[in-house]
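A.B. asks: no sequence on this one, just coordinates:
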């Protein structure tokens, strides 16, 4: 009787576990879920980065428009001497303009400064000169000190246009020389475009 009991006690007990096929299927499902989660995270991260870049570009555009608009609205009819004649100081081209403003970036925004805006290699550069005379504005000395600042970068094209105060909306031109026109143009408008934005036009 005791022998039977010993043999039954020595019999192996069934154990619970996973087969190799179940383990492989679990790993495959887990891998797919991981790829889906990573893909969603990657797309969301790219969207966040793109939104930040667009917001930064919009902010830089607004700052450039504010600075340009304020200085153009404060343009001074500064009479200079050119050869044997006198003329206001204002030069405008399709890629930039030069004039005297009463709201410069230097000196805390007070006093007069000769400012130049010009497009150079996808950048809108602001140059300011605070020391000048009516005799040397059109012909500055070689050692003149000029402050430089980049207001905007990364655009594909920029265009300035000018309007005579006697002309209508169709009188916008791409060039203005106060020595030839004998006067100022109406406040300019600038149009800058980039690969990610349309044309953003600002009339100062």
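C.D. replies: Perfect, thanks for sending it. Just so it is clear, the model here is predicted, and its values are computed rather than measured.
A.B. asks: C-alpha only now, for contacts and for neighbours.
C.D. replies: Will do.
A.B. asks: okay, and the helix or strand of the protein with the least pLDDT?
C.D. replies: Ranked by mean pLDDT, DSSP states H and E, the helix or strand of the chain with the weakest confidence is strand 200-203, at a mean of 40.
A.B. asks: where in this structure is pLDDT low?
C.D. replies: 1-18, 165-170, 182-204 (pLDDT under 70).
A.B. asks: helices and strands around the longest helix along the chain, which ones?
C.D. replies: Across the chain, the longest stretch assigned as helix under DSSP state H is helix 20-73. With contacts defined as 3 or more C-alpha pairs under 8 Å, 6 or more residues apart in numbering; DSSP states H and E, the packing partners of helix 20-73 are strand 147-153, strand 186-193.
A.B. asks: what helices and strands are in contact with the helix or strand that that helix is followed by?
C.D. replies: Using DSSP states H and E, the next helix or strand after helix 20-73 towards the C-terminus is strand 75-76. Packing partners of strand 75-76 (3+ C-alpha pairs under 8 Å, 6+ apart): strand 96-101.
A.B. asks: what's in contact with the strand it packs on?
C.D. replies: 71-72, 74-78, 89-92, 112-119, 159-160 (C-alpha atoms under 8 Å, 6 or more residues apart in numbering).
A.B. asks: show me which of those residues are buried.
C.D. replies: The neighbour count (16 or more other C-alpha atoms under 10 Å) marks 71-72, 74-76, 78, 89-92, 112-119, 159-160 as buried among the contacts of strand 96-101.
A.B. asks: sitting in strands, which of those do you find?
C.D. replies: In strands, judged by DSSP state E, the following of these are found: 75-76, 90-92, 113-119, 159-160.
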